[in-house]
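S.K.: Turn this into a structure:
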Amino acid sequence: GSLPLNGRNFLELALLIPGNSPAPNFDPTKTNTVVISSAGQLGRGGNITVDGADNNDDVVGGAVQNISQEAVQEFQMPTNRFSAQLGRSGSSVANIVTKSGTNEYHGSGSFFFRNRALQGLPATFDRSLSDPPFDREHYAFAIGGPIKQDKAFFFASVEYRNQDGAVLVGARDLATRTIRRGFADAPLNDLLSTERIDWSPTDIDKLSFRYSLQREDDVAASSLIRAIGSASERQASENNTHSFLANYTRLLSATKVNNFNFSFNDFDNAIEPVVPGPQLTFPSIQDGASFRVPQGTKQRRYQVGDTLSMLFGNHAVHVGGEVQFVRGDFDLKVFQQGRIELIEDFPDFDRNLDGRVDDNDLLFAVTLRSGVPQRSLILPDTDNTYFAAFIQDDWKIHPQFTLNLGLRYEID
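M.R.: Numbering: from 1, shown residues only. This next block holds a predicted model:
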């Protein structure tokens, strides 16, 4: 967790592993998240967990919650599913382990400041444009220590990011019949918090409790199907996520240990256009407001899992399973304002014979709009129950040769 990351997202650590690369954002809900492609995969099929608890968006893929880098103790990412203990993925599995307190008090703090006056422009940047506005302040603090020596410990972290960025936008200039480029504001505010308590009531029992919060709001460009969009094509998003984890580990004997997990997370996303209205799709620019928004997602996940680990001579055997109950609600207001597909960027003829050439003379190919624009497309009970069971035997036949044997069953 001490590596410097420009975006302060734990998934960026995956880029240290060969075969991983950033995947493009593929959904309006993912404007400021990190999605990882492993071995050429699309990226949305990976499984992301925190302390073994599911952290996935079951609708469009990707993570629903970021964890402060101050709270990350370990990062793990197998890029091939070689163990039956790992599931819910056709490609990679990413897991982080959060920090816990110790018998000594430890704290950390950091402040990161970035401003356009302190950075160079990319080599491909068009120098005919003014420098894009940008500044970012990042504050992060963490503290951990004992509640009772050798028995109970606490850890807490908080992180806040305030970013004033911009997106490249275009505007139709009717006088010169050109599309002028410039920048529109794209602010971002992101609050992260993680608190954890570890308690060992006996020498063979350990209890852990963790709560994490993320509150994020941002303005970003909507999904574009043209080379550039206008300032009105931006969208405003809010993402609120809460997660809770309870873990109980018991040492049954010198060769047997049982691990039980319960977790809950709640994800609430809402996206609105910055300016309501129809989408005007010109050949060279996307204007108006995106027809893909407003929309919203609510997802609540309850997860219970148990794993028994045993040693038998040269065999390390893991047996376990999990059940997840996902409750989802989706409110899709797509096509309420409509979309107009135009076949020219600028009018060239007084087609309506009103004595002037203006946008009322534009030719269009098709218009699309909901037949009931005042009614949302509500999917109120998009629920899912997921079950998995596995057995894994890692058989050390020779000090330099281990045979991994496993069987896993999953059903959605």
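S.K.: hey, let's count contacts and neighbours off CA atoms from now on
M.R.: Noted.
S.K.: Quick one: neighbours of V366, just the number.
M.R.: 10 (other Cα atoms under 10 Å).
S.K.: and if you look at A39?
M.R.: 15.
S.K.: Need the per-residue pLDDT for it.
M.R.: A39 is assigned a predicted lDDT (pLDDT) of 75.
S.K.: can you pull the contacts of the residue nearest to V93 when sequence neighbours are not counted?
M.R.: Distance criterion Cα to Cα, 6 or more residues apart in numbering; nearest residue to V93, sequence neighbours excluded, is N47 at 4.7 Å. N47 makes contacts with 54-56, 87-89, 92-94, as judged by Cα atoms under 8 Å, 6 or more residues apart in numbering.
S.K.: Could you list every helix and strand that the lengthiest strand in the chain packs against?
M.R.: Assignment by DSSP state E gives strand 178-202 as the longest strand of the chain. Applying 3 or more Cα pairs under 8 Å, 6 or more residues apart in numbering; DSSP states H and E, one finds that strand 178-202 makes contact with strand 152-173, strand 205-221.
S.K.: give me that answer again for 10 Å
M.R.: Where contact means 3 or more Cα pairs under 10 Å, 6 or more residues apart in numbering; DSSP states H and E, strand 178-202 is packed against strand 93-98, strand 135-148, strand 152-173, strand 205-221, strand 234-253.
S.K.: hmm, who's touching the helix or strand just after the first one?
M.R.: Okay, so that is strand 93-98. Per DSSP states H and E, the first helix or strand lying C-terminal to strand 93-98 is strand 106-115. For strand 106-115, the surrounding residues in contact (Cα atoms under 10 Å, 6 or more residues apart in numbering) are 6, 70, 133-146, 155-165.
S.K.: Buried ones in strand 106-115, by neighbour count?
M.R.: Buried residues in strand 106-115, defined by neighbour count with 16 or more other Cα atoms under 10 Å: none.
S.K.: The residue nearest to M77 when sequence neighbours are not counted: how many residues sit nearby?
M.R.: Of all residues not flanking M77 in the chain, A94 sits nearest, at 4.4 Å (Cα to Cα, 6+ apart). As a burial measure, A94 scores 21 neighbours (other Cα under 10 Å).
S.K.: A94 and G43 touch, don't they?
M.R.: No: with contacts counted by Cα atoms under 10 Å, A94 stays clear of G43, the gap being 11.8 Å.
S.K.: what touches both of the two?
M.R.: With Cα under 10 Å, 6+ apart as the test, A94 and G43 both reach I36.
S.K.: buried subset of the contacts of N47?
M.R.: Neighbour counting over the contacts of N47 (16+ other Cα under 10 Å) leaves 54-56, 87-88, 92-94 as the buried ones.
S.K.: List the contacts of the residue nearest to M77.
M.R.: Contacts of A94 by Cα under 10 Å, 6+ apart are 10-11, 13-14, 36, 46-50, 52, 55, 75-79.
S.K.: Could you do Q149 as well?
M.R.: Contacts of Q149 by Cα under 10 Å, 6+ apart are 102-104.
S.K.: Next one: it, what pLDDT does it get?
M.R.: pLDDT, Q149: 95.
S.K.: what's the distance between V97 and L245?
M.R.: Computed as Cα to Cα, to the nearest Å, the V97 to L245 distance reads 12 Å.
S.K.: got any residues that touch both of the two?
M.R.: 50-52.
S.K.: hang on, the earlier thing: which of V97 and L245 has more residues huddled nearby?
M.R.: L245 (20 against 16).
S.K.: so the more buried one sits right up against S208, yeah?
M.R.: Yes: counting by Cα under 10 Å, S208 is a contact partner of L245 at 7.8 Å.
S.K.: intersection of neighbour lists for these two?
M.R.: 196, 261.
S.K.: and P273, which of the helices and strands packed on strand 178-202 is closest to it?
M.R.: Closest to P273 of those is strand 234-253 (Cα to Cα; 4.4 Å).
S.K.: residue ranges of the strands in the stretch 251-400 of the chain, please?
M.R.: Along the stretch 251-400 of the chain, counting by DSSP state E, counting those that start in this stretch, strands occupy 256-273, 279-281, 286-288, 295-312, 315-332, 339-342, 364-368, 377-379, 384-398.
S.K.: can you tell me which of those strands the model trusts least?
M.R.: Looking at those, the lowest mean pLDDT belongs to strand 377-379 (a mean of 83).
S.K.: which parts of it are buried?
M.R.: Buried residues in strand 377-379 (16+ other Cα under 10 Å): L377.
S.K.: what does it contact?
M.R.: 295-297, 328-336, 370.
S.K.: 6 Å instead, please
M.R.: The contact list for strand 377-379 (Cα atoms under 6 Å, 6 or more residues apart in numbering) reads 329-333.
S.K.: Make CSV out of the residues you listed and add distance to H318 and neighbour count.
M.R.: Shown next, in CSV, are the contacts of strand 377-379 (distance: Cα to Cα, whole Å; neighbours: other Cα atoms under 10 Å):
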residue, distance to H318, neighbour count
D329, 36, 17
F330, 38, 20
D331, 41, 16
L332, 43, 19
K333, 46, 21
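S.K.: nearest to D383, of those?
M.R.: Of these, the one sitting nearest to D383 (Cα to Cα) turns out to be D329, at 8.1 Å.
S.K.: what's the closest non-adjacent residue to the closest one?
M.R.: Here the residue nearest D329, using Cα to Cα, 6+ apart, is P380, at 4.6 Å.
S.K.: what pLDDT, on average, does stretch 53-69 get?
M.R.: Rounded mean pLDDT across stretch 53-69 is 88.
S.K.: That one: how far from the chain's middle?
M.R.: Computed by Cα atoms, centre = their mean, to the nearest Å, the chain-centroid distance of stretch 53-69 equals 5 Å.
S.K.: Also stretch 199-207?
M.R.: The answer for stretch 199-207 is 34 Å, by Cα atoms, centre = their mean.
S.K.: Please save the CA atoms from that stretch in PDB.
M.R.: Output of stretch 199-207 as PDB, limited to C-alpha atoms (Å, rounded to 0.1, in the frame of the first residue of the first chain):
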ATOM      1  CA  TRP A 199     -10.200  -8.900  18.800                       C
ATOM      2  CA  SER A 200      -8.700 -12.100  20.000                       C
ATOM      3  CA  PRO A 201     -10.800 -13.200  23.000                       C
ATOM      4  CA  THR A 202      -8.700 -16.400  23.300                       C
ATOM      5  CA  ASP A 203      -5.500 -17.800  21.800                       C
ATOM      6  CA  ILE A 204      -7.400 -19.800  19.200                       C
ATOM      7  CA  ASP A 205     -10.200 -17.300  18.300                       C
ATOM      8  CA  LYS A 206     -10.000 -14.100  16.300                       C
ATOM      9  CA  LEU A 207     -12.800 -11.700  15.300                       C
END
